[in-house]
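Student: return a 3D structure for these sequence lines:
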Amino acid sequence: MKCSTIAVVLAAISLVRFGAIGQVANVAGTPQARPLVTAVLANDLDQVRSLLASGEKPDSRDDLGVTALVLACGRGFDRIAEALLVGGADWRKTSSYGKLPTVEAARADSLKTLGVLASRKA
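Tutor: Numbering: from 1, shown residues only. All right, here's what the predicted structure looks like:
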């Protein structure tokens, strides 16, 4: 592998880790359907509740290994986070990068989301 290729790959990983790239894609680069993740990213509370009620796993992950709860907390979507917790999401599950929902809520400076997590013993 050429040095320039390695540099590009490392730069892309850094952009993903720090949230600069929002596209959910598999290794081949093709976006994968993740209904709950899509609803969370759209801040669509009704769709999140509907998906959870129909049996969607509350700890669904995007293709980068980030849980729906971590995504919601990182964006300050307190009502979405609460719906996920009520639906059975595990606040202790980290993303593939080791991110916890509580840390992401704090990073997003979302006191409401932190309050939701605290009220659920997070």
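Student: show me the contacts for the nearest residue to G65 once chain neighbours are set aside.
Tutor: Nearest non-adjacent residue to G65, counting by Cβ to Cβ, 6 or more residues apart in numbering: S96, 2.7 Å away. The C-beta positions use only the backbone N, C-alpha and C, and glycine is treated the same way. The contact partners of S96, by Cβ atoms under 8 Å, 6 or more residues apart in numbering, come to R61, L64, G65, V66.
Student: per-residue confidence at the third one?
Tutor: Read that as G65. Looking at G65, its pLDDT is 90.
Student: next up, the contacts around it.
Tutor: Contacts of G65 by Cβ under 8 Å, 6+ apart are S95, S96, Y97.
Student: centroid residue for this structure?
Tutor: The residue lying closest to the centre of the chain (Cα atoms, centre = their mean) is L71, at 2.4 Å.
Student: any idea how far the helix or strand hosting it is from the chain center?
Tutor: In the assignment (DSSP states H and E), L71 maps to helix 68-74. From the chain centre to the centre of helix 68-74 is a distance of 4 Å (Cα atoms, centre = their mean, to the nearest Å).
Student: with respect to L45, which of the contacts of G65 is nearest?
Tutor: S95 (21.8 Å; Cβ to Cβ).
Student: so what touches stretch 38-57?
Tutor: So stretch 38-57 is contacted by 22, 24, 35-36, 58, 68, 71-72, 75, 77, 79-80, 83-84, 87-88 (Cβ under 8 Å, 6+ apart).
Student: list the buried residues in it.
Tutor: Residues of stretch 38-57 classed as buried: T38, A39, V40, L41, Q47, V48, R49, L51, L52, E56 (neighbour count, 16 or more other Cβ atoms under 10 Å).
Student: for the last one, helix, strand, or coil?
Tutor: In the three-state summary, E56 is assigned as coil, counting by DSSP: H, G, I helix; E, B strand; the rest coil.
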